[in-house]
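**Student:** would you be able to build a 3D model of this:
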Amino acid sequence: MDLVLYHPEWGYYSRRGVAPGFREVGRGGDFFTSVSVGETYGLLLAHRITRIWETDFGRALPFVLVEQGGHDGRLARDILAGLREIGTPLIEGLEYRLVEPRPGLRKVLEDDLANNPVEGLRVIDSLEASRAPAGLFLCNELLDAFPVDLLVFTEGAWHERRVGWDGASARPDWVTAPLRPEWASFAALLGTDYPEGYQTELCPAVDAWMADAALLFERGFWWIIDYGHEQSDYYLPQRSTGTLRCYRGHRAGEDPFAHPGEQDLTAHVDFTRVEEAARREGLARSLFTDQHHFLIDAARPWLLSLEGKRPDAATAKRLRQFQTLTHPAMMGQQFKVMEFTRPRA
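**Tutor:** From the prediction side, this is the model:
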């Protein structure tokens with residue numbers, strides 16, 4: 001999964017800015033995101049960031065926003081535009097650090113920023129280089145693209161499903177192998193009340209990533225926005241095929257060996273595992289909700305400003321985007337928001 005997504009030349013995400021016409025997000029790509037809905041998402045996050053800066057940081061400056069997994073930098077631009085539109089003094093002492101550790105993707109972002117500069121926006125090569133005394137960290141649909149290990153319950157025990165090679169068909173194929181010792185405790189936690197052939201995922205990268213991300217601020221907020229479940233829901237016996245999916249041309253598939261490097265691979269986030277990793281690093285969960293409730297709360301100042309006014313074309317467009325982002329049958333319940341803070345000593 002890591003190879004087909006992030007290989008420097010042939011990986012799915014590495015092809016952005018290299019393969020002619022390649023576009024993974026939006027109507028002409030393979031999937032939609034909250035960012036691709038329009039600039040309203042960034043505006044609403046800007047409202048919530050402003051409120052946090054005012055109430056939890058006492059308007060103290062400097063203040064740093066750190067985003068990882070920002071793809072083409074559009075969300076960063078939308079948030080900064082939203083802050084300018086709000087007119088918050090935060091914009092005067094803010095630095096926005098867009099983290100991209102992979103050299104090829106970082107160069108694409110840097111070239112775009114050189115051609116279309118935005119005041120206060122910088123591209124940084126690591127979380128470590130983005131550390132600051134105070135700020136807010138944001139990742140939007142980052143963890144769902146972390147490589148996962150596949151576990152399968154067969155013959156009354158947990159095994160791993162690994163990638164092998166089928167000589168007859170000359171293509172990769174699944175191979176069932178014994179469970180590695182490091183996953184034994186997790187398998188014991190799951191238990192054995194599962195149907196034959198039940199498959200699920202485990203994301204080993206979460207722990208090391210969180211250990212790095214938690215060091216960003218002495219005082220700060222952390223937002224993880226993604227689709228996923230808590231463990232009580234994630235590993236239900238009826239979720240028998242797991243959540244690993246492929247997306248190409250807005251069509252979902254379940255064969256990760258098809259179209260390598262030309263389709264997105266993604267798995268839902270185990271938010272319980274994320275929280276456990278954060279707690280080990282000294283962070284405390286302050287919020288876990290769906291995008292519907294998160295954005296409706298963030299939108300209050302904006303919606304109040306519209307009361308009694310007939311919406312013009314631009315406002316009507318934003319209201320349509322807002323409905324898409326918050327509607328329970330669309331993105332409102334699909335996406336979750338987990339927020340952490342570092343308790344004061």
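**Student:** would you list every one of the strands in the stretch 101-250 of the chain?
**Tutor:** 121-124, 132-140, 149-154, 157-166, 171-178, 198-202, 217-229, 245-248 (DSSP state E, counting those that start in this stretch).
**Student:** turn the ones you listed into TSV, columns for mean pLDDT, mean neighbour count and distance to Q321.
**Tutor:** Every residue, glycine included, has its C-beta placed from N, CA and C. Converted to TSV, the strands of the stretch 101-250 of the chain look like this (pLDDT from 0 to 100; neighbours: other CB atoms under 10 Å; distance: least, CB to CB, whole Å):
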stretch	mean pLDDT	mean neighbour count	distance to Q321
strand 121-124	97	20	22
strand 132-140	97	21	15
strand 149-154	96	20	36
strand 157-166	95	14	40
strand 171-178	94	12	40
strand 198-202	97	21	32
strand 217-229	97	21	16
strand 245-248	91	18	22
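**Student:** export those to a markdown table and tack on distance to R239?
**Tutor:** Shown next, in a markdown table, are the strands of the stretch 101-250 of the chain (distance: least, CB to CB, whole Å):
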| stretch | distance to R239 |
| --- | --- |
| strand 121-124 | 37 |
| strand 132-140 | 24 |
| strand 149-154 | 12 |
| strand 157-166 | 15 |
| strand 171-178 | 19 |
| strand 198-202 | 7 |
| strand 217-229 | 9 |
| strand 245-248 | 12 |
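**Student:** wait, which of these is closest to G42?
**Tutor:** strand 132-140 (10.0 Å; CB to CB).
**Student:** run the angle between the closest one and strand 217-229 for me.
**Tutor:** 10 degrees (axes from the mean of the first three to the mean of the last three CA atoms, to 10 degrees).
**Student:** could you pull out the helices in the stretch 151-300 of the chain for me?
**Tutor:** Counting by DSSP state H, counting those that start in this stretch, the stretch 151-300 of the chain has helices at residues 184-190, 205-213, 231-234, 271-280, 291-298, 300-306.
**Student:** to A177, which of these lies closest?
**Tutor:** A177 sits nearest to helix 184-190 of all the helices of the stretch 151-300 of the chain, at 13.5 Å, using CB to CB.
**Student:** list the contacts for the nearest residue to P260 once chain neighbours are set aside?
**Tutor:** Of all residues not flanking P260 in the chain, V4 sits nearest, at 4.7 Å (CB to CB, 6 or more residues apart in numbering). The contact partners of V4, by CB atoms under 8 Å, 6 or more residues apart in numbering, come to W10, G11, Y12, P256, P260, G261, L265.
**Student:** and the pLDDT at the last one?
**Tutor:** Meaning L265. Confidence at L265, expressed as pLDDT, is 94.
**Student:** separation between it and G87?
**Tutor:** As for L265, its distance to G87 is 42 Å (criterion: CB to CB, to the nearest Å).
**Student:** now E54: how far from P62?
**Tutor:** Look at E54 and P62: by CB to CB, they are 15 Å apart.
**Student:** and if you look at R285?
**Tutor:** Going from R285 to P62 by CB to CB gives 26 Å.
**Student:** mind checking which of the two has more residues around it?
**Tutor:** Using other CB atoms under 10 Å, the more surrounded residue of R285 and P62 is R285, with 15 against 12.
**Student:** so P311 sits against S305, correct?
**Tutor:** No - in this structure, P311 is not within contact of S305 by CB atoms under 8 Å, at 11.3 Å.
**Student:** specify the local secondary structure of the residue nearest to P260.
**Tutor:** Under the three-state scheme (DSSP: H, G, I helix; E, B strand; the rest coil), V4 adopts helix.
**Student:** residues contacting F137?
**Tutor:** If you count contacts by CB under 8 Å, 6+ apart, F137 has them with L65, V66, E67, Q68, A213, L216, F217, G220, F221, W222, W223.
**Student:** which of these sits closest to E128?
**Tutor:** Nearest to E128 among the contacts of F137 is L216, at 8.9 Å by CB to CB.
**Student:** report the contact partners of that closest one.
**Tutor:** Contacts of L216 by CB under 8 Å, 6+ apart are V66, L127, S130, R131, A132, G135, F137, W222.
**Student:** let's go with 6 Å and repeat that
**Tutor:** The contact partners of L216, taken as CB atoms under 6 Å, 6 or more residues apart in numbering, are V66, R131, F137.
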